[in-house]
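Visitor: predicted model and sequence follow; I will ask about them next.
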Amino acid sequence: MHKVRNQIKKAAFTLVAMLTFGPVLVFGQVQTERPKLLDIQQSYQRGEIDVDRAVLEQFRMMYEPTNLKDGQKLIEKCATPAHMFLHRHRNELSEQTRSKVEEYRKSRIKSSAMLAEESYISPSGKFEVIYYTSGGDSVSLEDNDNNGTPDYVERVAEAADSSYRHMVNTLGYPDPIYGNTNPYPVYIESMGGIYGFADYGFERNLAADTFIAINNNFDGFPDNTHPAGITVGAIYVTMAHEFKHAIQYIQNNWSGESDLWLEMDATLMEEVVYDNVNDYYNYIYNFSSDLFSSPSTSLIPGSYEDITWALFFEEYIGPDFWVEVWERIEAQPSIQFLEAVDDELSSRGYDFDEEVVRSYMWHFVSGSRSGNDGYGFEEKEFYPEANTEASFFSVPNEEVLIRNIKPMASRFLEVSPSENDYGPIEVAVDFDSSQVGLGFLIYLKSGETVELLATGRDKQQVFLPSTSYWEDIERLGVVVSNFSTDVDTKSLLLQFGKSGRLVDLRDPEYADLPESVSAFQNYPNPFNPITNISFELSKTSKITLEVYDIMGRKIQTLANETLKLRSRPYVYEFNAKGLSSGVYIYRLRIDNEVYTKKMTLVK
């Protein structure tokens, strides 16, 4: 992932940000909304419409596109889900519906057959681009290099080759171009407001398992940040998106529960392969389930507006993470998508519960909340500001009610302390559900963003202490997450602690907290040359631990830091190698209290 952010990208995103906060994103004559094809499918899954209507409405959208009022164009990122839906339910359809779908398809083939069809082999030889030079499907004939092939066609071929190199050669995804598939067919066709799609090869009597179709004209499509313009950027990301669908087919045959996540996965590849296009900026805010405007809506299943959830793992763990997840899906097609994610995280030493919370914390740190350090997404400053459940301008004195949270969802809060708020920052969330995660994003006055998180299952509270003080911070972001994949939480209660008002602790991990400070004698004593100095805290405290000789000269500072509350003692090792035998003194300062003890070195 490139970290260089040029002025073109910044200027383009400024335009996006200015237009983000309406009911939909509008760029000139373009309107992008929640994907209607997927809405139709979800209506079917909820039992609101039958399968015949679901298929007909999707194909009517693709073959009889209508514009919105005032000449605005309704945009669909990808029509692949509609073709997959038809294939999955073909045998359930009435004869009338099957005939109508065939009519749509034949009209497509017939109109194409009447055009002047030509083809172009990509420079790698792996792709055949089929295009038309007349009729409604024709491409622009502009040919700036005068080589006889339209520039548009060459861009498509270039994008296909580049997508192949990055996904197959660099990342290691399996190669969908093999045997009689070579060269792989790519069609350039008129599609209204649809970027493109991948479909089964047999639908066009092809030997290839699948083929790709891409729009012949991206005029009026949403802005992107590619230096060569919107059209070039749209060609590039569409090829990356649809080629990932071709890879998905050979890994899961577009079947099983994982196929519900294909759009999120394919949109991720747009950013991975073409980092400088950023077409996905158009789809990450003001959708029904995106993680910035709607963090409380269940992520399940992830569609293309949820790309940033996939991008979190790409950036935080590494580019091979999703390659390995899809290898698990390929090896076990019946596996649930999130189960494959969980298994891969566990194999790498990560905890699924914690990473769900952290992924939402990254979404909180976006836009104006980005901070000036390296925490969060690489392009966080270009993202919209996430919606908060509530904002407080002093530390709440009463418990804060958090409504129930759906599976794989979160609620965001923000606290800006007043001048009367001081002392260590502590928060607890009380719950009677099976699982809750709690995350802190501490914005220090120094400009640093500090992350803290804790998760809990089957207990009544998650308590999260910190080593920061209210008087040292600008604000505190609080993320409360439900990392369950299938169970809602019930209502939750948040408690905020500060000096003079402590959290009512019920978290069993903190059941044995000391009631007062204890400074223990070092052990062993006498010692040679190593001994351990330990102490217990009754609250988060600023501590200093120093060793002096008998004459009062300081030998070593063992600690000078803020330590958070915990149920077990803190232990520091002192190594007296190089010192003479004798009596030494260690002094422990905890906040404003000082504890002094003697220890004896015998060599």
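Guide: Sure thing, it's come through.
Visitor: helices of the chain, start to end?
Guide: Assigned by DSSP state H, the chain shows helices spanning 7-18, 36-45, 51-63, 80-89, 95-113, 151-164, 230-252, 262-273, 307-316, 321-331, 337-347, 352-364.
Visitor: now distance to residue 426 and mean pLDDT too, for those helices, in TSV please.
Guide: Glycine gets a C-beta too; all of them are placed from N, C-alpha and C. What follows is the helices of the chain, written out as TSV (distance: least, CB to CB, whole Å; pLDDT from 0 to 100):
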stretch	distance to residue 426	mean pLDDT
helix 7-18	35	41
helix 36-45	41	83
helix 51-63	51	87
helix 80-89	46	91
helix 95-113	60	75
helix 151-164	49	97
helix 230-252	45	97
helix 262-273	36	96
helix 307-316	27	97
helix 321-331	34	97
helix 337-347	28	97
helix 352-364	18	97
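Visitor: out of these, which comes closest to residue 133?
Guide: Relative to residue 133, the nearest member of those by CB to CB is helix 151-164, separated by 9.7 Å.
Visitor: can you pull the contacts of the closest residue to residue 313 other than its chain neighbours?
Guide: In space, and not counting its chain neighbours, residue 313 is closest to residue 321: 5.0 Å by CB to CB, 6 or more residues apart in numbering. Residues in contact with residue 321 (CB atoms under 8 Å, 6 or more residues apart in numbering) are 313-314, 344, 348.
Visitor: can you check residue 388 too?
Guide: Taking CB under 8 Å, 6+ apart, we find residue 388 in contact with 412-414.
Visitor: redo those residues as TSV? Include pLDDT and distance to residue 422.
Guide: Listed next are the contacts of residue 388 as TSV, based on pLDDT from 0 to 100; distance: CB to CB, whole Å:
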residue	pLDDT	distance to residue 422
412	96	24
413	96	20
414	97	19
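Visitor: top of those by neighbour count?
Guide: residue 412 (25 neighbours; other CB atoms under 10 Å).
Visitor: ok, residue 529 - contacts?
Guide: Contacts for residue 529 were tallied using CB under 8 Å, 6+ apart; they are 575-577, 579, 601, 603.
Visitor: restrict those residues to the buried ones and give me that as a PyMOL selection.
Guide: Selecting the buried subset of these in PyMOL, with 16 or more other CB atoms under 10 Å as the burial test, is done by:
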select buried, resi 576+579+601
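Visitor: what's the closest of the contacts of residue 529 to residue 486?
Guide: residue 575 (52.0 Å).
Visitor: state the mean pLDDT of stretch 296-305.
Guide: Taken as a whole, stretch 296-305 has an average pLDDT of 90.
Visitor: over to stretch 368-386?
Guide: Mean predicted lDDT for stretch 368-386 stands at 92.
Visitor: could you tell me the end-to-end distance of it?
Guide: 9 Å (CA to CA, to the nearest Å).
Visitor: sorry, back to before: export the helices of the chain to a markdown table and append columns for distance to residue 555.
Guide: Listed next are the helices of the chain as a markdown table, based on distance: least, CB to CB, whole Å:
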| stretch | distance to residue 555 |
| --- | --- |
| helix 7-18 | 53 |
| helix 36-45 | 68 |
| helix 51-63 | 77 |
| helix 80-89 | 69 |
| helix 95-113 | 84 |
| helix 151-164 | 62 |
| helix 230-252 | 61 |
| helix 262-273 | 54 |
| helix 307-316 | 42 |
| helix 321-331 | 47 |
| helix 337-347 | 45 |
| helix 352-364 | 40 |
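Visitor: residue 392: which of the ones you listed is closest?
Guide: Of all those, helix 352-364 comes closest under CB to CB, at 15.1 Å.
Visitor: what's in contact with that closest one?
Guide: With CB under 8 Å, 6+ apart, helix 352-364 has contacts from 291-292, 295, 308-309, 312-313, 316, 341-342, 345-346, 376-377, 380, 386, 408, 410, 412, 435, 437-439, 441, 451, 453, 455, 457, 477, 479, 481, 483.
Visitor: what residues of stretch 418-431 count as buried?
Guide: Applying a neighbour-count criterion of 16+ other CB under 10 Å, one finds 421, 423-431 buried in stretch 418-431.
Visitor: export that stretch as CSV, just CAs?
Guide: Taking C-alpha atoms only, stretch 418-431 is exported to CSV below (Å, rounded to 0.1, in the frame of the first residue of the first chain):
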residue,chain,number,x,y,z
SER,A,418,-13.9,19.9,31.5
GLU,A,419,-11.3,21.8,33.6
ASN,A,420,-12.9,20.3,36.7
ASP,A,421,-12.2,16.7,35.5
TYR,A,422,-8.9,15.2,36.7
GLY,A,423,-7.5,11.9,37.9
PRO,A,424,-6.9,8.6,36.2
ILE,A,425,-9.2,7.6,33.3
GLU,A,426,-11.3,4.5,34.1
VAL,A,427,-14.4,3.1,32.3
ALA,A,428,-16.5,0.0,32.8
VAL,A,429,-19.3,-1.4,30.8
ASP,A,430,-22.0,-3.5,32.6
PHE,A,431,-23.9,-6.1,30.6
